[in-house]
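Enquirer: Structure here, sequence nowhere to be found:
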């Protein structure tokens with residue numbers, strides 16, 4: 001005779017096999033982040049409850065990334081896809097279509113005040129002193145018809161029930177140029193708090209059983225971001241008023257400039273693939289000579305040859321390497337987002353404050 005204990009065990013096993021994956025024991029959800037900085041944030045918030053894949057890793061330039069079949073397979077398998085948004089990932093629409101992605105889409109920049117970018121027309125050598133700002137409200141964006149996000153379905157602010165049409169049109173821009181707004185919002189620690197809010201909410205929606213842990217991780221990380229912001233504010237406030245202009249390779253630091261009262265100038269535009277015109281380069285050289293700019297800063301993801309040429313022509317030195325859009329390798333100075341921001345701030349302060 002079959003024992004009652006065996007019958008009960010068999011019934012429990014059969015019942016568990018029919019339960020949804022989200023409530024079965026200790027199985028991490030599969031999460032894909034588009035580039036290394038987002039991957040670091042997602043890893044901090046998700047912890048052991050997620051299995052994380054980052055498409056563009058450390059030292060990788062998301063501007064020029066070309067998705068691979070392995071990337072398509074990872075996205076196809078993913079429960080959650082975390083993207084920057086603001087048309088940063090110009091290759092994303094094609095990748096999502098190839099992968100037939102049907103999981104939860106989390107747009108990290110939802111809710112931020114984005115800086116408008118007017119195709120360089122009104123900016124002298126891409127030095128953006130005056131920026132129109134755009135508030136990304138979470139309920140349909142009816143006040144900004146020129147940059148609506150309704151195609152994501154954000155009326156309910158669910159961060160994951162979105163349609164994917166917002167990435168259309170990038171084929172007309174070689175897949176890598178950006179839209180009307182500066183996408184580099186992670187270079188503001190205060191906006192990074194919105195990033196982690198959106199990430200935590202998205203993960204909690206996809207895996208409700210882990211929500212309390214995600215929100216605890218978010219709270220702890222947000223406290224670190226507040227400390228980071230206070231530290232950078234103190235560093236930048238100590239700079240002399242006549243030494244607050246930074247020359248870099250491409251135009252990525254306008255959120256940092258807005259937060260801390262600096263001016264950033266660059267020969268290239270928002271993307272590392274954009275071409276610097278002879279006029280822009282000449283204007284930048286003229287400005288540097290007139291203002292006595294003594295140092296320029298190369299970037300880990302940009303070809304430094306043009307900036308080195310500008311430095312030679314102006315007599316400026318190379319002040320160091322900044323990390324605008326990718327982490328360093330693990331043994332480098334910017335292995336995490338917090339490290340990256342502290343390194344950038346310390347490098348700038350060390351040169352401009354000397």
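Expert: Structure's in. What do you need? Please read all numbers here as calculations on a predicted model, not as lab measurements.

Enquirer: how about residue 293, what does it touch?
Expert: Contact analysis of residue 293 by C-beta atoms under 8 Å, 6 or more residues apart in numbering lists 245, 247, 287, 314, 316. Backbone N, C-alpha and C define where each C-beta goes, glycine included.

Enquirer: Look up how far residue 266 lies from residue 341.
Expert: 19 Å (C-beta to C-beta, to the nearest Å).

Enquirer: my read: residue 296 touches residue 316, true?
Expert: Yes. Residue 296 lies in contact with residue 316 (C-beta atoms under 8 Å); the separation is 5.2 Å.

Enquirer: wait, doesn't residue 184 sit right on residue 324?
Expert: Yes. Between residue 184 and residue 324 there is a contact at 6.6 Å, judged by C-beta under 8 Å.

Enquirer: For these two, indicate the residue with more neighbours.
Expert: Neighbours were counted for residue 184 and for residue 324 using other C-beta atoms under 10 Å; residue 324 has more, 26 against 23.

Enquirer: Would it be right to say that that one lies in a strand?
Expert: No. Read with DSSP: H, G, I helix; E, B strand; the rest coil, residue 324 is coil and lies in no strand.

Enquirer: can you pull the contacts of it?
Expert: With C-beta under 8 Å, 6+ apart, residue 324 has these contacts: 184, 187, 248, 250, 252, 253, 299, 300, 301, 344.

Enquirer: Then residue 340?
Expert: 37, 323, 327, 328, 334.

Enquirer: list the contacts for residue 100?
Expert: Contacts of residue 100 by C-beta under 8 Å, 6+ apart are residue 76.

Enquirer: Distance-wise, check it relative to residue 82.
Expert: Residue 100 sits at a distance of 18 Å from residue 82 (criterion: C-beta to C-beta).

Enquirer: Ok, residue 96 next?
Expert: Taken as C-beta to C-beta, the span from residue 96 to residue 82 is 13 Å.

Enquirer: All the helices of the stretch 151-300 of the chain, in order from the start?
Expert: With DSSP state H, counting those that start in this stretch, the ranges of helices along the stretch 151-300 of the chain come out as 189-206, 211-237, 254-260, 278-291.
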